[in-house]
Structures are given as structure tokens and as C-alpha cells.
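**Student:** The amino acid sequence is not available; the structure is as follows:
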């Protein structure tokens, strides 16, 4: 039995043969172009089973004889909010600004386009009756196809672009104001004046990069001149509170939560306080030996910004790292205590650097430099 489908991650087990359906000899045919799969199945019945356009299937079933049965399996799953693209000079700042605009679509009936129209109409209240639609190929011209081209029966302002043109070029040139569909226009990466309407993409993207925390026991070995993220949010006066190479802060500290506590508020919940009563410092076994610290003793931890004191929990859970040929120890401090509640204790934020993450502006609390001694 042949089964054609896009090479999606959730289908890879079938593609590699890791999963074998019972009762059949399945031959998985991965094809990158979904429209190719749909056309080969509809025109020539090229496969025993295949991925199929949901919109095409529903339209054909409603119009008459369509010799296929659909099963509720959805291999392609995408949040289509990120597939609405605009010309940045078209005056579109929010979804409602699409009203009255010229919008391109690969095919008006394309499933991705149906989803986007639903999102715009029902989630953002966009009146799509005011839109002028332009249909054609996205990044290359698209030839007419009498079998696969399904036009809407009601009259809508839909214009087919010339067969030698594509929507990408028209969007970049400002001949249409927006485009949405299953494919990204090339101008988003390689052109100018094209952007997403909605985006949660990283301000420091698009490629992954390694940066050290603002306090680190090592230079950035990939690029010493740019050790930390150049787009982080520097709150006023923070730079002066950071350790430098001349300071004596040899250990890394990390801040975390414990399962028995939620946050500061749980200091007022008796049962949770009973489970986790005291502020503590998690000290690696080897470091405790070096410093002469025993489990249950009081220890003091300090950074350039402040200090905390708590019960030493000596553990083998935190392993030492070898950094630049030297042993680097990490100590752990929980974040749940403060100066109010049934139980009180040191605040981890006395130690942490107040630097904002580049994308969320949330403080970077997870790694910084400290010193430690028996109290």
C-alpha cells in the first residue's frame, strides 16, 4: 500500500519504518510539495492513500462525486497567524487595517487561506467583504489547472494575476498590500518592505547564537569581542553592579524553584511551609569538602550586589564543570523565601543581576557569579 504525505516530523516514524501498521505492507512516499501530492492523487489516483487538502476535499464532496474518503488525521499542523504578510508601506499596523486592502492568495480556496480568513474574521473582527483579492503563484508564476483550480461560486472581487507574475513581486512592489497562505514570500528574507503582521519571532534571530551571561567564568570562546547578547535590556545602573575579572567571585550560582513551593505566596501556606521550612543553599559535595562545609551548617553566599545566608544542603546532584581547563563549581539557591510569611529567609534576588532578556525583558536570573563561605 502506497501512502504519500509531506515529510513532517510527526510522520517520520512511518517514513523510517520505526512504526509498521498492522495488516499491511506500507510504502511511505514523502513528497515535499503538498500541491503535487493533491494533484497526483486527484488526477491520476497515483497512491492508495495520501495527504489531501481539507478545503479541496470538502468543496468537491459538496459539489458532487469525489471518489475519496477522508479520515480525521491531520499531519500538517501550523499556527497560521505567522503566515500573514504585509507591505510595510501599506499602513497596516493591526488586523483591522486589512479592511479595504488588496490581498493576495495562492488559491482563494486553499486550506491555509480558509484558516487565516477565519482567524481574521472571528478573532479580530475583520470585515473581509471589503477586501479585493488577487490570486496567483506565490514565488513563481502559477499555470492554470482546470482540475485543481476551484473558484468560489458566489461573486467576490477576485482577480487572477497575469500568468507571468507572482504575488511575492507584487507585495514587495506595493501592488498588493498583503498576502497570506501556506508559503512564505521570498521577499520576507531576501527583499525589502515585507514583514509579518503578527510575529513572536526572536529579536536576536533568525539564527541561533551562543552568548555568555553578563557574569561568566569564561570569555565567549566563539567571539570574545561580543561575549553577551548585544540586544539585552540594560536597566539603569546595572553595569556598575556586575563582577569583573578583578573581583573574587569564583563560583557560578543558579536560581531555581522547588516542587514543594510555588513562590513567595507559599510562605503563608502551613502545609507547604512544613514540607520546605528553611531557605537553603545547595552546595556540591566536592566544593563542600574544599570549604570545610558540612550538611546542615549555615553558609553565606555573596555577589557584587548583595548576600544571602541559609542552611547548606550538600549534594552530589550538581556536578562540577571543567571550564578552560579548570574546575568550575556551581551552587544553587531557591527563589521562594522573603521577609514575610510563616517562614522567612534570604531573598535570592539579593544576589541576581537585573538584566532584561532580549525578547521578553524578563530578568536574567539563571546564572551569575558568587563567592561562598561557612557562616
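**Tutor:** On my side now, so go ahead. Quick caveat: nothing in here was measured; it's all calculated off a predicted structure.

**Student:** residues contacting residue 322?
**Tutor:** The contact partners of residue 322, taken as CB atoms under 8 Å, 6 or more residues apart in numbering, are residue 328. Where C-beta positions appear, they are placed from N, C-alpha and C, glycine not excepted.

**Student:** Now name the helix or strand holding it.
**Tutor:** When elements are assigned from DSSP states H and E, residue 322 belongs to strand 321-323.

**Student:** Make sure residue 332 is indeed in a strand.
**Tutor:** Yes - with DSSP: H, G, I helix; E, B strand; the rest coil as the criterion, residue 332 is part of a strand.

**Student:** so it touches residue 287, yeah?
**Tutor:** No - using CB atoms under 8 Å, residue 332 makes no contact with residue 287, being 11.3 Å away.

**Student:** for this structure, what helix or strand is lowest in average pLDDT?
**Tutor:** helix 12-16 (a mean of 86; mean pLDDT, DSSP states H and E).

**Student:** Toward the C-terminus, what is the element adjacent to it?
**Tutor:** Remark: after helix 12-16, the chain's next helix or strand is strand 27-30, criterion DSSP H and E.

**Student:** What pairs with that next one, parallel or antiparallel?
**Tutor:** Sheet partners assigned to strand 27-30 using DSSP bridges are listed as strand 2-5 (parallel).

**Student:** just the strands in the stretch 1-150 of the chain please.
**Tutor:** According to DSSP state E, counting those that start in this stretch, the stretch 1-150 of the chain carries its strands in the segments 2-5, 27-30, 49-50, 84-87, 102-105, 132-135.

**Student:** among the ones you listed, which is nearest residue 299?
**Tutor:** Closest approach to residue 299 among the strands of the stretch 1-150 of the chain is made by strand 84-87 (54.3 Å; CB to CB).

**Student:** Show me what the longest strand along the chain packs onto, helices and strands only.
**Tutor:** Using DSSP state E to define each element, the chain has its longest strand at strand 307-315. Other helices and strands packing on strand 307-315, by 3 or more CB pairs under 8 Å, 6 or more residues apart in numbering; DSSP states H and E, are strand 280-284, helix 285-291, strand 298-302.

**Student:** domain parsing for this structure?
**Tutor:** Using automatic domain parsing, the domain ranges for the chain come out as 2-63, 80-196, 233-374.

**Student:** any idea of the mean pLDDT for the longest one?
**Tutor:** Domain 233-374 shows an average pLDDT of 91 in the prediction.

**Student:** what about the stretch 101-250 of the chain, any weak spots by pLDDT?
**Tutor:** Within the stretch 101-250 of the chain, the segments meeting pLDDT under 70 span 200-201, 206-207.

**Student:** Which residue ranges of it form helices?
**Tutor:** Remark: helices assigned in the stretch 101-250 of the chain by DSSP state H, counting those that start in this stretch are 111-118, 124, 167-173, 187-190.

**Student:** Most tightly packed of those?
**Tutor:** helix 167-173 (a mean of 22; mean count of other CB atoms under 10 Å).
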